[in-house]
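>>> sequence first, then the predicted structure, then my questions.
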Amino acid sequence: MDWGTELWDQYEIIDKHTQWGLDLVEKYVKFVKERTEIEQNYAKQLRGLVKKYSPKRGTKEDQECKFSQSQSFVDILNEMNDYAGQREVVAENMMMNICIELTKYSQDIKQERKMFLLEGRKAQQYLECSFKQLDSSKRKFEREWREAEKAALNAERLDQDINATKADVEKAKQQAHLRTHVAEECKNEYAAQLQKYNKDQNSFYFTDMPQVYNKLQDMDERRVKKLREGYHTFAETERRVMPIIGKCLDGITKAADNANEKKDALTLIELHKSGFQRPEDVEFEDYSQAINRATSESSLGTPKAPSDLRPIGKNKSKLWPFSKNKKTAFTEDFSHLPPEQRRKKLQQKIEELNKERQKEVDQREALDKMKDVYQKNPQMGDPNSLEPQISQTSNNIERLQAERQKYESWLADAEGRLVHRSETMRYTVHRESAPSLNNNNGSHSKDSPDSAHSDDSNQDNSSQPIYAEFEDDFEDEDSVLPIGQCTAVFHFDGASEGTISMREGEVFSVVEEDKGDGWTRVRRVNGDEGYVPTSYVKIALHRK
């Protein structure tokens, strides 16, 4: 069934229905546009949220990413950023494949509908024009026929009138005959016009308008099909990003699984382990023994002055684990940090210096190669023009080398102190446990003068804060025994940091051998130390 056959008399219904279909397309396009705006705003807000909570580089939050839980949170933020990108893809595809496509199609359909309706109106106007011609010929035929009847009656009346002249009768008959002839022509014209109108009407209702209605029906069906595709696209656009969104969600799940409580606990230890040993037990300081000692010594010799008694005071290096650490000034050798953290910082600094030095070495090699090319091919450039750069690069290498050696010496110092500190703590614990073993064996009595004197001497040794011993070790460790002597063969300015100047023939003590980098650490008689080029001196090491 089609509209041209079944709805031949429902022009207004078809007109309204096709217009309603176009309005529905525009309504759907408007709906999708608003949906894309929501998606875009949602994606924008998500990106803003991710940016708000993402750690800034070089900040405390960036350092917290060393913990798995913090890194997992960063990974979740990255996945949410990707998720926001998929929401933008949804909005873009909907705008391109639905809004723009349907809007363009709707404009074409409007023009097509307008053309079909215009075609129908033309057919109707033609039929109306044919009907007017039929009506006009009908009226003319009616009018002429009445005039012919009047003329025939008039001729018949004059023919029966005895008073009428023969000329009048003949004239009346001629007039009646003429009118009858005209009426016959109008009748024939009316019949022809009627036949034409019937043909036009039949063509209008059975051919022209059904074709227009069928075209409108075909147009409307195509519109419905296009709108259906738009409905499908609405779902397919969302479905296409589902795998990627699923991967984002899988990434969030994986990030959640990567949060490892044991690993974070070890990371905290690695980052903040100080390297200090726990403080020993505080010993009992029996000041009453001074009275007994004074009584016993009065018979043996001169009593000690009151200044020999140990003053009551605070342990200067006591560590309180739950008190806030005071901020200390930053030092170049990181001595303000705990031993373990200092060692890590020094290792990190040495690695950075090695990378910078390698860059400078690579640059000097490149400059040397370029200089060699210029020397072989003078037309390519002047070799002397590269000398300032080569000199600057060499100075940078020497400076970085000196700095590296300086940090290496600090690192060796830090590592040596850590080992020495551990050994000192073990020795102190062993030494302090010896008197208690002797007391347990009953070799001395606490009440005897010798025992009192021994306890007092032990107190003098052991009551020293354990960290004070370490400080003394630090001061003594700077004096390293020489391993040989060297004599300067050439003059050296020592302008770089960490180096020392020397004159030809000057004698130094060798403190540290060349480690393969071309520098030897020496010491003057006055105690000044520094590095000199190994090739500039003649070295004689002590036999071991």
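In hand now; what should we look at?
>>> which stretches in this protein count as helices?
3-6, 11-53, 60-63, 68-94, 101-160, 166-203, 209-258, 261-272, 289-298, 339-376, 387-441, 449-462, 466-477 (DSSP state H).
>>> which helices and strands does the first one pack with?
Helices and strands in packing contact with helix 3-6 are listed as helix 209-258; criterion 3 or more C-beta pairs under 8 Å, 6 or more residues apart in numbering; DSSP states H and E. Every residue, glycine included, has its C-beta placed from N, CA and C.
>>> quick one: the helix it packs on to helix 101-160, angle?
For helix 209-258 against helix 101-160, the angle by axes from the mean of the first three to the mean of the last three C-alpha atoms, to 10 degrees is 170 degrees.
>>> for helix 209-258, what is the distance to the chain centroid?
Centroid separation between helix 209-258 and its chain, computed with C-alpha atoms, centre = their mean, to the nearest Å, is 30 Å.
>>> contacts only, for the residue nearest the centre of the chain.
The chain has residue 78 as the residue nearest its centroid, 5.8 Å off, counting by C-alpha atoms, centre = their mean. Contacts for residue 78 were tallied using C-beta atoms under 8 Å, 6 or more residues apart in numbering; they are 50, 251.
>>> give me the below-cutoff pLDDT ranges for the stretch 1-150 of the chain.
Scanning the stretch 1-150 of the chain for pLDDT under 70 picks out 58-63.
>>> what about 90?
Applying pLDDT under 90 to the stretch 1-150 of the chain picks out residues 1-2, 4-5, 7-11, 54-68, 70, 124, 141, 144, 146-150.
>>> also the stretch 351-500 of the chain?
Applying pLDDT under 90 to the stretch 351-500 of the chain picks out residues 351-353, 357, 359-360, 362-391, 393-394, 399, 401-483, 490-499.
>>> if you set the cut-off to 80 instead, what comes out?
Along the stretch 351-500 of the chain, segments meeting pLDDT under 80 span 380-381, 413-480, 495-497.
>>> hang on, the earlier thing: quick one: the helices of the chain as CSV, columns for distance to residue 521 too.
Putting these into CSV (distance: least, C-beta to C-beta, whole Å) gives the following:
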stretch, distance to residue 521
helix 3-6, 105
helix 11-53, 51
helix 60-63, 35
helix 68-94, 43
helix 101-160, 79
helix 166-203, 117
helix 209-258, 47
helix 261-272, 32
helix 289-298, 51
helix 339-376, 16
helix 387-441, 8
helix 449-462, 36
helix 466-477, 15
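>>> out of those, which is closest to residue 537?
Using C-beta to C-beta as the measure, helix 387-441 is the one of the helices of the chain that comes nearest residue 537, at 16.2 Å.
>>> quick one: contacts for the nearest residue to residue 86 once chain neighbours are set aside?
Among residues not flanking residue 86 along the chain, residue 241 sits closest, at 4.4 Å (C-beta to C-beta, 6 or more residues apart in numbering). Residue 241 sits next to 86, 89, 90 when contact means C-beta under 8 Å, 6+ apart.
>>> out of the helices of the chain, deepest packed?
Of all the helices of the chain, helix 68-94 has the most neighbours on average by mean count of other C-beta atoms under 10 Å, namely a mean of 19.
>>> relative to helix 209-258, how tilted is that one?
Using the same axes, to 10 degrees: helix 68-94 against helix 209-258 is 170 degrees.
>>> gap between the closest residue to residue 333 other than its chain neighbours and residue 115?
Leaving aside its sequence neighbours, residue 333 sits nearest to residue 410 (C-beta to C-beta, 6+ apart; 4.6 Å). Applying C-beta to C-beta, to the nearest Å, the value for residue 410 to residue 115 is 91 Å.
>>> how about residue 122?
Computed as C-beta to C-beta, the residue 122 to residue 115 distance reads 11 Å.
>>> now swap in residue 273 and tell me
Residue 273 sits at a distance of 85 Å from residue 115 (criterion: C-beta to C-beta).
>>> how about the residue nearest to residue 333, what does it touch?
Counting by C-beta under 8 Å, 6+ apart, residue 410 touches 333, 334, 346.
>>> just the pLDDT for the first one.
The predicted local distance difference test score for residue 333 is 75.
>>> tell me who's in contact with it.
Residue 333 neighbours (C-beta under 8 Å, 6+ apart): 342, 346, 407, 410.
>>> please name the nearest non-neighbouring residue to the second one.
Nearest in space to residue 346, with sequence neighbours left out and distances taken as C-beta to C-beta, 6+ apart, is residue 411 at 4.3 Å.
>>> how much space between that neighbour and residue 396?
Applying C-beta to C-beta to residue 411 and residue 396 gives a distance of 22 Å.
>>> look up how far residue 47 lies from the residue nearest to the centre of the chain.
According to C-beta to C-beta, residue 78 stands 12 Å off from residue 47.
>>> dump the contacts of residue 241 into JSON lines; add distance to residue 202 as well.
What follows is the contacts of residue 241, written out as JSON lines (distance: C-beta to C-beta, whole Å):
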{"residue": "86", "distance to residue 202": "62"}
{"residue": "89", "distance to residue 202": "59"}
{"residue": "90", "distance to residue 202": "56"}
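>>> touching, residue 335 and residue 341? I think so.
No. Using C-beta atoms under 8 Å as the test, residue 335 is too far from residue 341 to be in contact (10.9 Å).
>>> any chance of the contacts of residue 410 in TSV, with distance to residue 217 too?
Compiled in TSV, the contacts of residue 410 are given as follows (distance: C-beta to C-beta, whole Å):
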residue	distance to residue 217
333	92
334	87
346	87
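>>> all set now, cheers.
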